[in-house]
Structures are given as C-alpha cells and as structure tokens.
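Asks: Provided below are the primary sequence and the corresponding predicted coordinates.
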Amino acid sequence: QVQLVESGGGLVQAGGSLRLSCAASGSILTANAMVTANAMGWYRQAPGNQREVVATITSVGTTNYADSVKGRFTISRGNAKNTVLLQMNSLKPEDTSVYYCNIFAPDGRIYWGQGTQVTVSS
C-alpha cells in the first residue's frame with residue numbers, strides 16, 4: 001500500500017503565500033532502486049466542483065500547470081524521495097479549495113492523500 005500525507009494548508013489573505021508539502025510512503029515505492037522518482041501531482045476540489053489538476057511533475061522533472069495558476073504556483077520535488085512541494089504565491093479567493101496530492105506508483109495505480117484545506121480571504 002501507499003500512503004500520502006499533505007501538510008501546509010491554512011487560512012491566508014489574498015495576495016499571500018502558502019507552501020504545501022506531500023510525502024508518499026510505501027514499500028512499493030522503494031522496491032526498485034532504479035526508480036528514482038515517481039510522477040506526482042497536486043489537484044484541488046472546491047465544494048460543488050469537480051476535482052481539477054493544479055500542477056504535475058513527471059519522473060524526470062517535467063512540470064505542467066493549470067492555466068489559472070501559471071506564474072503564481074510552482075511544483076517541485078522535496079529533498080526526500082517521493083515528496084513534492086507546491087509553492088503558492090499571489091493567492092486569490094478563487095484558489096480556496098481542498099488540495100490533494102497524488103502519486104503514480106510502480107504498480108500502475110494512482111494513490112491520493114486525504115487533502116489539506118486552503119482558504120484565501122478577500
């Protein structure tokens with residue numbers, strides 16, 4: 001099994017910044033020493049809305065962003081294996097959501113964290 005734990009959410013005023021962290025663990029992630037990183041991503045879901053992609057990073061470090069966050073958010077790898085960060089700057093009230101982290105594991109499945117709430121006040 002794979003577990004993901006997100007942290008760093010909270011309440012911030014518009015224009016402020018937050019940094020989210022996600023750490024994935026599980027024996028399947030470390031079984032193959034040749035695999036140095038797995039694709040990971042950040043998604044968000046506001047009440048009444050579908051979950052949407054925010055940013056993703058591939059196993060080789062290629063990043064992609066939703067148009068709504070380009071230039072404001074940055075996804076990066078943490079120092080520990082299978083950790084991913086999301087630096088969020090110039091936050092807007094419409095960024096208010098529950099943010100979820102996921103990982104594409106070697107078994108071909110996608111695992112999700114429990115989510116962390118981000119609230120941006122106007």
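Replies: Sure thing, it's come through. Predicted, not measured: the structure shown is a model, and the values here were computed from it.
Asks: Could you look up the SS state of residue 29?
Replies: At residue 29, secondary structure determined by DSSP: H, G, I helix; E, B strand; the rest coil is helix.
Asks: In space, what's closest to it - neighbours in sequence excluded?
Replies: Closest residue to residue 29 in three dimensions, ignoring its sequence neighbours and counting by C-beta to C-beta, 6 or more residues apart in numbering: residue 82, at 5.3 Å. Yep, even glycine has a C-beta here, placed from its N, CA and C like the rest.
Asks: give the contact list for residue 28.
Replies: Contacts for residue 28 (C-beta atoms under 8 Å, 6 or more residues apart in numbering) come out as 1-2, 105-107.
Asks: so which of these is the most crowded?
Replies: residue 2 (21 neighbours; other C-beta atoms under 10 Å).
Asks: residues near the residue lying closest to that one once chain neighbours are set aside, how many?
Replies: In space, not counting the residues next to it along the chain, residue 2 is nearest to residue 26; the distance is 3.7 Å by C-beta to C-beta, 6+ apart. Other residues near residue 26 come to 17 when the count uses other C-beta under 10 Å.
Asks: State the distance from residue 26 to residue 114.
Replies: Between residue 26 and residue 114 the distance, using C-beta to C-beta, to the nearest Å, works out to 15 Å.
Asks: same thing with residue 25?
Replies: Look at residue 25 and residue 114: by C-beta to C-beta, they are 14 Å apart.
Asks: Report the set of residues contacting both of these two.
Replies: The contact sets of residue 25 and residue 114 overlap at 4-5 (C-beta under 8 Å, 6+ apart).
Asks: Pick out whichever of the two has more residues nearby.
Replies: Neighbours were tallied for residue 25 and for residue 114 using other C-beta under 10 Å; the higher tally belongs to residue 25 (17 against 11).
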